[in-house]
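A.B. asks: Next comes the sequence, and after it the predicted model I'd like to discuss.
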Amino acid sequence: MTAESDLRTLLSDLRPELHRGRYVFATVTDGVVPAGVAPVVTVSEAEGLTLVLLEAQAVAAGLDHSYPAGWITLRVHSSLDAVGLTAAVALALTDAGISCNVVAGFHHDHLFVPHGRAAEAVAVLGALASESDAG
């Protein structure tokens, strides 16, 4: 499948998918992922290795963690050099007062939003897609 870069097409075909579970952000300063932990995202920073993982795994591993989040995947296959997708999604969520942490994967963008507002965020993104399709 070819990655899409046209903003209108990207927005109209967002297809946000909410994953089950409650995800959190944690960090390990030694850069080693603890046994029993399967992060869905890792980011290497000077201060340590950031992990995004299921809250239950963080608790079981004794990791300090924060930002209980819902994980939303935008199912549209977005090009890594597409312009405006992150900005448009962020603006729609900003207008709804929903914070968002975005991670770009090779095929899709992944959003981490407050867990208690995840269903609302999916609805906001669905409305954005509908507006873009109609426009």
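C.D. replies: Nice, I can see it. Fair warning: this is a prediction, and the values are worked out from it, not measured in the lab. Residues are numbered from 1 along each chain as shown.
A.B. asks: Mind naming the longest helix for the chain?
C.D. replies: Ranked by residue count under DSSP state H, the longest helix found in the chain is helix 118-134.
A.B. asks: Just the buried residues of that one, please?
C.D. replies: 118, 120, 121, 122, 124, 125, 128, 129, 132 (16 or more other Cβ atoms under 10 Å). C-beta: built from backbone N, CA, C; applies to glycine.
A.B. asks: Turn these into JSON lines, including pLDDT.
C.D. replies: Shown next, in JSON lines, are these (pLDDT from 0 to 100):
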{"residue": "118", "pLDDT": "98"}
{"residue": "120", "pLDDT": "98"}
{"residue": "121", "pLDDT": "98"}
{"residue": "122", "pLDDT": "98"}
{"residue": "124", "pLDDT": "98"}
{"residue": "125", "pLDDT": "98"}
{"residue": "128", "pLDDT": "97"}
{"residue": "129", "pLDDT": "96"}
{"residue": "132", "pLDDT": "92"}
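A.B. asks: related to what we said a few turns ago, which strands or helices does the longest helix of the chain pack on?
C.D. replies: On a contact count with 3 or more Cβ pairs under 8 Å, 6 or more residues apart in numbering; DSSP states H and E, helix 118-134 meets helix 7-12, strand 16-18, strand 65-74, helix 85-95.
A.B. asks: which residue sits closest to residue 8, ignoring its sequence neighbours?
C.D. replies: Sequence neighbours aside, residue 132 is the residue nearest to residue 8 in space, at 5.9 Å (criterion: Cβ to Cβ, 6 or more residues apart in numbering).
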